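S.K.: Structure for this input, please:
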Amino acid sequence: MKQAATELRVDFVEGAVAHRLRFGGGRGQDLAKAMGLRGGKTPTIIDATAGLGRDSFLLASLGAQVTLIERSEKMHELLVQGMKRAAEEGGQFREIIGRMTLLKGDAKDLIPELSCDAILIDPMHPVRKKSALVKQDLRQVRELVGTDDDAPDLVRIAIKHARKRVVLKWPAKADPIDGVMACTHQIRGKTTRYDVFMVG
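M.R.: Presented below is the predicted three-dimensional model:
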């Protein structure tokens, strides 16, 4: 008998996000290094494709002020609920949520009106050719938000408006996005790489 899919929710207090908060490795993590959290520097950040908010929460937990942008109405509502629950938890969680600002809209429209040091872009990744399925929650996100066919446009707009850097989070073995300038450098993990575009 097929098991019913669990309902998608944004959870910053328990599960993978909480584990990463406690044991993730702080500013030594690839994402933190890619975004420029090093040498005592804490950039202001826009997460242009907020999704489940996990990367934003991690960056905010390391002291960064993060503006999250989400254009899917349903995903935005899930983020509102998740951030509210975390704030109500109090203590460290409320402090981290206090550094996160959530906006609803298309990042391509909002970025030119905002100011930040670094922009993170994590578009829906290409469908895997291998049979191994993506984790259930990420499959559910794809069903909600669809494909990000405008990712090249978003990267180009981000490069134009970020003060210091743009970071594209992308599968480690995937081809670069067509129509975007070559990145300055990459930080590679086992399954994910960060293409860093230095613009400042």
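S.K.: Where do the helices of this protein begin and end?
M.R.: Assigned by DSSP state H, the chain shows helices spanning 15-23, 30-35, 54-61, 73-89, 91-97, 107-110, 136-145, 151-161.
S.K.: With Tyr194 as the reference, name the closest of those helices.
M.R.: Distance to Tyr194, taken as CB to CB, is lowest for helix 30-35 among these, at 3.7 Å. Glycine gets a C-beta too; all of them are placed from N, C-alpha and C.
S.K.: Lowest mean pLDDT among the helices and strands, pick that one out for this structure.
M.R.: The weakest-scoring helix or strand in the chain, judged by mean pLDDT, DSSP states H and E, is helix 136-145 (a mean of 62).
S.K.: ok, the most centrally placed residue in the chain - contacts?
M.R.: In the chain, the centroid-proximal residue (CA atoms, centre = their mean) is Asp55; its distance is 4.5 Å. Asp55 sits next to Leu31, Asp47, Leu120, Asp122, Lys169 when contact means CB atoms under 8 Å, 6 or more residues apart in numbering.
S.K.: Neighbour-wise, give me the winner out of the residues you listed.
M.R.: Most neighbours among the contacts of Asp55, by other CB atoms under 10 Å: Asp47, with 31 neighbours.
S.K.: partners of that residue in the sheet?
M.R.: Using DSSP bridges, the bridge partners assigned to Asp47 are Leu68, Leu120.
S.K.: right, and it touches Leu59 too?
M.R.: Yes. Contact criterion CB atoms under 8 Å: Asp47 and Leu59 qualify, at 7.5 Å.
S.K.: Between those two, which contacts overlap?
M.R.: Joint contacts of Asp47 and Leu59 (CB under 8 Å, 6+ apart) are Val66, Leu120.
S.K.: if we can go back for a sec, out of the contacts of Asp55, flag the one nearest to Leu114.
M.R.: Asp47 (11.5 Å).
S.K.: mind checking how far that closest one is from Gly91?
M.R.: Per CB to CB, to the nearest Å, Asp47 is found 23 Å from Gly91.
S.K.: quick revisit: could you identify which of the helices of the chain is most buried?
M.R.: helix 54-61 (a mean of 25; mean count of other CB atoms under 10 Å).
S.K.: pLDDT (mean, whole number) over that one?
M.R.: Taken as a whole, helix 54-61 has a mean pLDDT of 96.
S.K.: Now do stretch 46-53: distance to the chain's middle.
M.R.: The chain centroid and the centroid of stretch 46-53 are separated by 4 Å, computed with CA atoms, centre = their mean, to the nearest Å.
S.K.: Any chance you could list what contacts it?
M.R.: Residues from elsewhere that reach stretch 46-53 (CB under 8 Å, 6+ apart): 10, 12, 55-56, 59, 66-70, 75, 78-79, 82-83, 100, 102, 107, 111, 114, 116, 118-123, 137, 141, 145, 148, 154, 158, 162.
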